[in-house]
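**Q** Give me coordinates for this.
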Amino acid sequence: MALIEVQIEINAPIGKVWDVVSDIDNEPKFWKGTKEVRNISKEENTVQREITIAFRDQKCLQEVKIYPKEKIEAKFTKGIIDGKKIVSLTPKDEKTILSTYWDIKLTGMMGMFTGMIKKHIKSGTEQAMQSIKEEIER
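**A** Numbering: from 1, shown residues only. Purely as a prediction, here's the structure:
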């Protein structure tokens, strides 16, 4: 398994940060590893969706649970990735700590490359969170 954790401090209240990160249809704008998002169904705070990832244009299914102004939990349910990505928000004075935690592995024969992609995913996560920060602080 690849365990990755990245945090960034954003100079904005939690509500403003939430407005950007909770727009999960807009994910490809910030997360360059996600090329496309297609929602399949939505029921209360849970979205079933198909995402196309940059890695060989692979399609993965996700179950995304949204916990307002707290976290977004994306569980990979089918495809080349197994595991989850959790984006969470923590208030800190007038600022917000944005954290992303990955607990994933590649499936099947690709499993042997999990360690190699860890660095790539961490770098992409850092870039995404920096882009989110810049968008909010503009």
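**Q** What are the boundaries of the helices in this structure?
**A** 14-21, 27-30, 114-137 (DSSP state H).
**Q** closest to Thr52 out of those?
**A** Closest to Thr52 of the helices of the chain, according to CB to CB: helix 27-30, at 8.8 Å. Glycine gets a C-beta too; all of them are placed from N, C-alpha and C.
**Q** helices or strands next to that closest one in the packing?
**A** strand 34-43, helix 114-137 (3 or more CB pairs under 8 Å, 6 or more residues apart in numbering; DSSP states H and E).
**Q** so where is the chain shaky, pLDDT-wise?
**A** Judged by pLDDT under 70, the chain has no weakly predicted residues.
**Q** partners of the spatially most central residue of it in the sheet?
**A** Centroid-nearest residue in the chain, with CA atoms, centre = their mean: Lys85, separated by 5.4 Å. Following DSSP bridges, Lys85 is listed with bridge partners Ala74, Trp102.
**Q** Next, the contact list for it, please.
**A** Shown in contact with Lys85 (CB atoms under 8 Å, 6 or more residues apart in numbering): Glu73, Ala74, Phe76, Thr100, Tyr101, Trp102, Ile104.
**Q** tell me which of those is nearest to Met1?
**A** Looking across the contacts of Lys85 and measuring by CB to CB, the closest to Met1 is Ile104, at 6.8 Å.
**Q** how much space is there between that closest one and Ile10?
**A** 24 Å (CB to CB, to the nearest Å).
**Q** Name the residue in those two with the higher neighbour count.
**A** Ile10 (23 against 19; other CB atoms under 10 Å).
**Q** Would you mind confirming that that one is in contact with Lys95?
**A** Yes - look at Ile10 against Lys95 with CB atoms under 8 Å: they come within range, at 6.3 Å.
**Q** Let's have the helices of the chain in JSON lines, adding distance to Ala2 and mean neighbour count.
**A** Listed next are the helices of the chain as JSON lines, based on distance: least, CB to CB, whole Å; neighbours: other CB atoms under 10 Å:
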{"stretch": "helix 14-21", "distance to Ala2": "22", "mean neighbour count": "18"}
{"stretch": "helix 27-30", "distance to Ala2": "19", "mean neighbour count": "18"}
{"stretch": "helix 114-137", "distance to Ala2": "4", "mean neighbour count": "16"}
